[in-house]
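In: Below is the structure, and that's it, no one-letter string:
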């Protein structure tokens with residue numbers, strides 16, 4: 001795992017791509033993983049704040065995600081317990097003011113290798129469409145979008161729970177879907193405690 005992390009942290013596969021974005025930034029892979037982690041948070045890609053901090057979910061999305069999970073920062077950032085592995089390890093940059101999608105080459109190059117070093121994972125949280133599409137490719141599921149997939153979360157529990165992105169842009173979605181807070185979050189929180197304390 002140490003050797004693999006060293007490789008990832010020096011990865012420059014997307015350097016030319018990032019240099020051509022509005023932010024013209026260097027690659028900075030951001031992830032937190034260990035062989036002992038029991039929970040995997042599979043996100044999309046770091047945003048600009050995370051790119052600058054070098055620490056995942058150091059933004060309002062992280063605050064909301066930790067609230068959904070009902071874990072404190074110390075637990076959330078304890079890589080021996082919770083692994084944080086986005087679909088794209090680096091901030092993909094902006095185009096016309098919006099975050100670009102995570103480059104597919106990142107998951108193709110690294111994801112299976114990393115997951116092969118994480119045999120203790122008992123619960124995977126799939127945050128957003130990119131993570132859901134990759135991780136659920138082996139499931140027989142006819143869902144077409146994030147809303148459909150999250151609405152059918154029982155199809156994947158208890159080992160996998162799909163979530164919408166915790167971005168504040170999704171506040172309207174949360175208001176339109178009160179079942180998320182009433183039905184899914186209590187199960188999510190109970191399952192997290194079972195795995196962390198098991």
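Out: Received, thanks. The structure displayed is predicted, hence computed values, not measured ones. Numbering: from 1, shown residues only.

In: quick one: low-confidence parts of this structure?
Out: Counting by pLDDT under 70, the ranges of the chain that qualify are 97, 140-143.

In: Distance from the chain centre to stretch 175-183, please.
Out: 21 Å (Cα atoms, centre = their mean, to the nearest Å).

In: same check, this time on stretch 35-50
Out: Relative to the centre of its chain, stretch 35-50 is centred 4 Å away, using Cα atoms, centre = their mean.

In: How far does it stretch from one end to the other?
Out: Start-to-end span of stretch 35-50 (Cα to Cα, to the nearest Å) is 23 Å.

In: same check, this time on stretch 146-162
Out: 8 Å.

In: quick one: buried residues of it?
Out: 146, 149, 150, 151, 153, 156, 160, 161, 162 (16 or more other Cβ atoms under 10 Å). Where you see a C-beta, it was placed from the backbone N, CA and C, and this is true even at glycine.

In: quick one: which of the residues you listed sit in helices?
Out: Residues of the buried residues of stretch 146-162 located in helices (DSSP state H): 146, 149, 150, 151.

In: Residue 82: which of the residues you listed is nearest?
Out: Residue 82 has its nearest neighbour among these in residue 150, at 20.3 Å by Cβ to Cβ.

In: which residues sit in contact with the residue nearest in space to the middle of the chain?
Out: For the chain, the residue nearest the mean C-alpha position is residue 43 (1.5 Å; Cα atoms, centre = their mean). Contacts for residue 43 (Cβ atoms under 8 Å, 6 or more residues apart in numbering) come out as 56, 57, 84, 85, 86, 87, 127, 128, 131.

In: in stretch 53-64, what counts as buried?
Out: Neighbour-count burial for stretch 53-64 flags 56, 57, 58, 59, 61, 62, 64 (criterion: 16+ other Cβ under 10 Å).

In: Helix or strand: which one has residue 66?
Out: Secondary structure assignment for residue 66, by DSSP states H and E: helix 60-69.

In: and that helix, what does it pack onto?
Out: On a contact count with 3 or more Cβ pairs under 8 Å, 6 or more residues apart in numbering; DSSP states H and E, helix 60-69 meets helix 73-76, helix 185-197.

In: I would like the residues contacting that helix, please.
Out: Under Cβ under 8 Å, 6+ apart, the answer for helix 60-69 is 41, 47, 56-57, 72-73, 76, 125, 127, 163, 165-168, 185, 188-189, 192.

In: same thing with stretch 22-33?
Out: Counting by Cβ under 8 Å, 6+ apart, 1, 5, 8-9, 11-15, 18-19, 46, 48, 50-51, 54-56, 77, 79, 82-86, 89-91, 93-97, 114, 117-118 sit against stretch 22-33.
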